[in-house]
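Visitor: Show me how the following folds:
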Amino acid sequence: LGPNGAGKSTTFNILTGSIPPTKGSVKLLGAEINQKCHEIFDQVGICPQGNALWNDLNVIDHLKVYSFMKGIDQNLIDPLIDYFLYALHLRPFANTKGGNLSGGNKRKLCVAICLLGAPKLQFLDEPSTGIDPISRKYLWNCLHESMAGSNGAMIITTHYMQEAESIAKKLGIMINGRMNCIGTLPELKRRFGQYTIMIRENPDHKVDLRSLIRGILPNAKVVESPGENALFFKVSPEDMRFSIAFNKLEEARASGSIKDFSIYTSTLDQIFIKLAKNQLSD
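Guide: Purely as a prediction, here's the structure:
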């Protein structure tokens, strides 16, 4: 993940050998890509940000050509093509030429080409751009199945937080050309997120909500009060005692001291915006 200009696609292009690094080196599968390029990229699938398609070849012909290029057994090519036509909802466009496909269907075809042969390393640069929400779900399922079948690794750049949460086992956020963080979503939430507690007061039973919450969580901070009958508090992960807070607030709700409450953590969107401000400020 990363805002526009963070360096995602540049890094992606260096990793896939599209452009040379100005310094440093890149290893894939334990080997330098500038020394053993052919051996490495036999095991790599790439879906670039631009659609690498021929205008005059239809969908089936694209998949056949790339299947031959990847050395896939001829007996497996037709079943593979059938699978991708079905999995990515491309069957109605099987005989449509590349130049006549919609932007979304071009992306789906590029994803299918990348996944052909279940390569050990799969690089997809914004694979779902221009794809409608329903087709995006099918695309994600296809990526999950590809990962399960290849026993390899997949690197995806995306602007869709839901896509990152749905697919990724690990998330990295790039800011100003550097990876600011990498880890699982729970790890990032613990490191960069906060808990939010909303308490709605009971109009028939006035209680000082600030005193109530600070008696439970002394370091809680009031952050906003959008309505007269509710207060919002922020609590850092280090200060949060979830079970204690929940039980105390549930007791207050049951006794009528408060009307209701909710506790929730930062979303990936909120964490992303928090870190992206560093690039925007620069």
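Visitor: alpha carbons only for contacts and neighbour counts from here, please
Guide: OK.
Visitor: May I ask which helix or strand encompasses Ile182?
Guide: Under the criterion of DSSP states H and E, Ile182 resides in strand 178-183.
Visitor: and the next helix or strand after that strand, what other elements does it pack with?
Guide: Beyond strand 178-183 in the direction of the C-terminus, DSSP H and E gives the next helix or strand as helix 185-192. Judged by 3 or more CA pairs under 8 Å, 6 or more residues apart in numbering; DSSP states H and E, helix 185-192 is in contact with helix 268-281.
Visitor: Tell me which residue lies nearest the centroid of this structure.
Guide: Ala164 (1.3 Å; CA atoms, centre = their mean).
Visitor: ok, now how distant is the closest residue to Ala112 other than its chain neighbours from Leu124?
Guide: Once flanking residues are discounted, Ala112 sits nearest to Phe84: 6.2 Å by CA to CA, 6 or more residues apart in numbering. Here Phe84 is placed at a distance of 16 Å from Leu124 (CA to CA, to the nearest Å).
Visitor: which SSE is Lys259 in?
Guide: Take DSSP H and E as the rule and Lys259 turns out to sit in strand 258-265.
Visitor: Work out the sheet partners of that strand and label each with its direction, please.
Guide: According to DSSP bridges, strand 258-265 forms sheet pairs with strand 195-201 (antiparallel).
Visitor: Taking helix 185-192 as reference, get the angle to the partner strand.
Guide: 80 degrees (axes from the mean of the first three to the mean of the last three CA atoms, to 10 degrees).
Visitor: Could you tell me which residues within strand 195-201 count as buried?
Guide: Neighbour-count burial for strand 195-201, counted by 16 or more other CA atoms under 10 Å, picks out 195-201.
Visitor: so can I have a markdown table of the residues you listed showing distance to Ile134?
Guide: Below are these laid out as a markdown table (distance: CA to CA, whole Å):
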| residue | distance to Ile134 |
| --- | --- |
| Tyr195 | 32 |
| Thr196 | 32 |
| Ile197 | 34 |
| Met198 | 33 |
| Ile199 | 37 |
| Arg200 | 37 |
| Glu201 | 41 |
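Visitor: Please verify my assumption that Ala118 contacts Gly149.
Guide: Yes: when contacts are counted by CA atoms under 8 Å, Ala118 is listed as touching Gly149 (6.8 Å).
Visitor: Those two: which is more packed in?
Guide: Ranked by neighbour count (other CA atoms under 10 Å), Ala118 and Gly149 place Ala118 first, with 19 against 13.
Visitor: Nearest spatial neighbour of that one, chain-adjacent residues omitted?
Guide: Once flanking residues are discounted, Ala118 sits nearest to Ser150: 4.9 Å by CA to CA, 6+ apart.
Visitor: you'd agree the one you found is up against Gln122?
Guide: No: under the criterion of CA under 8 Å, Ser150 is not in contact with Gln122, lying 9.5 Å apart.
Visitor: neighbour-wise, which of those two wins?
Guide: Applying other CA under 10 Å to Ser150 and Gln122 shows that Gln122 carries more neighbours, namely 24 against 16.
Visitor: show me the contacts for that one.
Guide: If you count contacts by CA atoms under 8 Å, 6 or more residues apart in numbering, Gln122 has them with 44-46, 114-115, 152-155.
Visitor: Each with direction, which strands does the helix or strand where it lies pair with?
Guide: Using DSSP H and E, the element containing Gln122 is strand 121-125. Strands that pair with strand 121-125, judged by DSSP bridges, come out as strand 44-47 (parallel), strand 153-157 (parallel).
Visitor: if you compare the ones you listed, which one is most tucked away?
Guide: Among those, strand 44-47 has the highest mean neighbour count (mean count of other CA atoms under 10 Å), at a mean of 23.
Visitor: Work out the gap between it and the centre of the chain.
Guide: Centroid displacement of strand 44-47 relative to its chain, using CA atoms, centre = their mean, to the nearest Å, is 18 Å.
Visitor: From the contact counts, what lies against the next helix or strand after it?
Guide: Downstream of strand 44-47, the first helix or strand assigned by DSSP H and E is helix 59-69. Counting contacts by 3+ CA pairs under 8 Å, 6+ apart, helix 59-69 packs against helix 74-87, helix 103-115.
Visitor: closest one to Pro21 among these?
Guide: When the helices and strands packed on helix 59-69 are compared by CA to CA, helix 103-115 sits nearest Pro21, at 23.0 Å.
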